[in-house]
Every structure is written in C-alpha cells, then in structure tokens.
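Peer 1: Turn this into a model:
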Amino acid sequence: MSDFSPSIDAVVDVLRQTYLETGLVSQDDFAVAAAAFGELLEGAEMFERFSRFNKVAVFGSARTKPSHPLYKLAVDFSRLMAQRGWLVVSGAGPGIMEAASKGAGIENTLGVNIELPFEQFPNPYIDTATKLVEMDHFFTRKVSMTRPSNAFVVLPGGFGTLDEAFEVLTLLHTGKTEPAPVVLLDQPGGTFWRRLEEFIQDEIIDGQYINKPDLALLRICDTAEGAVREVLNFYKNYREVRFTPGMASIRVHQLPNTDQLETLRKRFPMFVRDSGFRTNGHDTLSFDFDGRNYVNLRLVIDFLNDLVP
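Peer 2: Below is the predicted model:
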C-alpha cells in the first residue's frame, strides 16, 4: 500500500488524538484501523476513475496453473466480457487472477492485490502504475473489490476463494450490497460447485439454516459463454433499484403491462401491503418493501428480465 496522502494523514492525526492519545484504544488496534481507513480510501479513489464502466469481479485459486482447463476458462470468460465493454476486477495475483487479467487485457483490468510473504505478487497483465492497489488486509481487499462490481464470477479455489464467494452471497442475502449476478463457473463435467450445491441442499437447506429460494442468488455454469450470458441477462431489463422507507423502486428498460403486474401481485404477495406493484408509466416499478426479503427482490428482478426476449 502506498503512503497516505496529506489529506488522509490529517484525518488520521485527528483520529489519533481522539482515540489513541486519550487511551480509548490500544496502539495495535489503532494501527489496524488507520491502515484499513487508508486502504479503503485508496481503493475507492482508483475505482472512482472507472466508475462509468460496468465491472465484473473474478475470484479463483492463486494456484491454478496455466496448463489447467480452468485457467483457459477464466481467460475466455474475461476476454468475452472485455469485448462487451466490461472491466474485469481481479485479485491481481497468479492463477485464476492472472488468467482473468490476461483474458481481459491490461487496458481492461483493475487489480486489488493482497500483500503476502508467498505466492501473491502482481501478475504481468496489470497496469501497476494506474490500475492497481495493494493492501495488507483481506477484509479491506474484499470491500474494495465488491463495492464497485456489478457482477461476480467465482471459479474453484481454496479457503480464500470460498470466503469471497460466501461474503458476496451474504451481502446480497442481507441487502448490504446492490443486487448483482453471482456465477459459479467450473469446467465442463466439473464437480466442485455441484458438490457444494449438494452440501448446501443436504446440510444447510435441510438443516433450515437458509431456505431453498435463497439459491436464486447464484447460478452454476460450465462454459465461458454460459457465464457471460448469465451476467448480461441480469441487466437485460433491470437497471437499478432504489430504496425509500417502506418501498423499493426498480428502474427497467421495459415496464410490465397490466396482466404482468397482476402476475407480480399474485407471485409476490409479501410486496403487496399498501399500494402493491405500480409503475410511473415511464421506467420505474415500485412496490412495498420492508427491507428484509432480498431473495424475493432478486426473483422480481428475474421476472422483469424475462419480459425482454
């Protein structure tokens, strides 16, 4: 991570006087908090320069070799997304991260690297001068990668990859991030995500830790083209959602007609309390929303996307 800018240093000095010099926190705790503050701002500053572009974050193992089919799959997916005008966000390291950067090309890749004493160095397909930030903390790295991303594609990996996948799903499930597609991508015939899906069904759903409809938050694909299709289909009609107290408003390219509004009312009665589903006649569908049921919100988005051929 680069040194703080003068403005950040000034804020850190105020925080130091407030928390450290008054004994409210320890030196070690303050050091972590100050470093996280700087890393988050540094990441936000880089991503702000590319805010007008759609971005897909690609996660996967740092240990996947270039000879592995998953490496080629990540290259192909990222190349196809870059051809459609998307930027690819990667962890900037080797393995799947390198493959994603290679496929998108140096001009279409943004990197958020984690500094480790082993296996994690910026790959040669990252513009380290203008499109890379480096961080000490995994949690700031995840925040920096997920907040600006419009889609997430996850290939097989270890603890870190699974942590990233479940972090994104948790954020979507609880409404702590904007609705977005999550694609679990494996090679044809691969069992990595299918076995995880079986575990989720047999242990997590059957154990009543989550509900079966919660699986709507993710898709499993085994081709680059299929993953691209899932990402793009999510934005086929859906544009954005905004929340006000007791209400959600979804902007779309094509509004539902009268019959389709009635179908929405019947299919999603949890969103019909006061006024129910209604449109502004231009580009917005509004409905009652208590800030809790984000899975059914995703299903409403899927319904609206299916209106467009």
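
Peer 1: And the longest helix seen in the chain, what does it pack against?
Peer 2: Using DSSP state H, we find that the single longest helix of the chain is helix 27-48. Under the contact definition 3 or more CB pairs under 8 Å, 6 or more residues apart in numbering; DSSP states H and E, helix 27-48 sits against helix 6-15, strand 109-114, strand 132-135, helix 138-146. From N, CA and C alone the C-beta is placed, and that goes for glycine too.

Peer 1: Going along the chain, name the strands of the protein.
Peer 2: 55-59, 87-90, 109-114, 132-135, 151-154, 182-185, 219-221, 238-244, 247-252, 278-279, 284-288 (DSSP state E).

Peer 1: Can you check what pLDDT the model gives the closest residue to residue 125 other than its chain neighbours?
Peer 2: Nearest residue to residue 125 in three dimensions, chain neighbours excluded: residue 101, at 3.7 Å (CB to CB, 6 or more residues apart in numbering). In this model, residue 101 is scored at 97, pLDDT.

Peer 1: same deal with residue 15?
Peer 2: 84.

Peer 1: Can you add distance to residue 260 and give the strands of the chain back as JSON lines?
Peer 2: JSON lines is the format used below for these (distance: least, CB to CB, whole Å):
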{"stretch": "strand 55-59", "distance to residue 260": "29"}
{"stretch": "strand 87-90", "distance to residue 260": "34"}
{"stretch": "strand 109-114", "distance to residue 260": "38"}
{"stretch": "strand 132-135", "distance to residue 260": "44"}
{"stretch": "strand 151-154", "distance to residue 260": "26"}
{"stretch": "strand 182-185", "distance to residue 260": "26"}
{"stretch": "strand 219-221", "distance to residue 260": "23"}
{"stretch": "strand 238-244", "distance to residue 260": "15"}
{"stretch": "strand 247-252", "distance to residue 260": "11"}
{"stretch": "strand 278-279", "distance to residue 260": "10"}
{"stretch": "strand 284-288", "distance to residue 260": "10"}
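
Peer 1: and residue 209, which of those strands is closest to it?
Peer 2: With CB to CB, the closest approach to residue 209 among the strands of the chain belongs to strand 182-185: 18.4 Å.

Peer 1: So which residues make contact with the closest one?
Peer 2: Residues from elsewhere that reach strand 182-185, judged by CB atoms under 8 Å, 6 or more residues apart in numbering: 73-74, 77, 151-155, 165, 168-169, 172, 193, 196, 217-222, 224, 227, 230-231.
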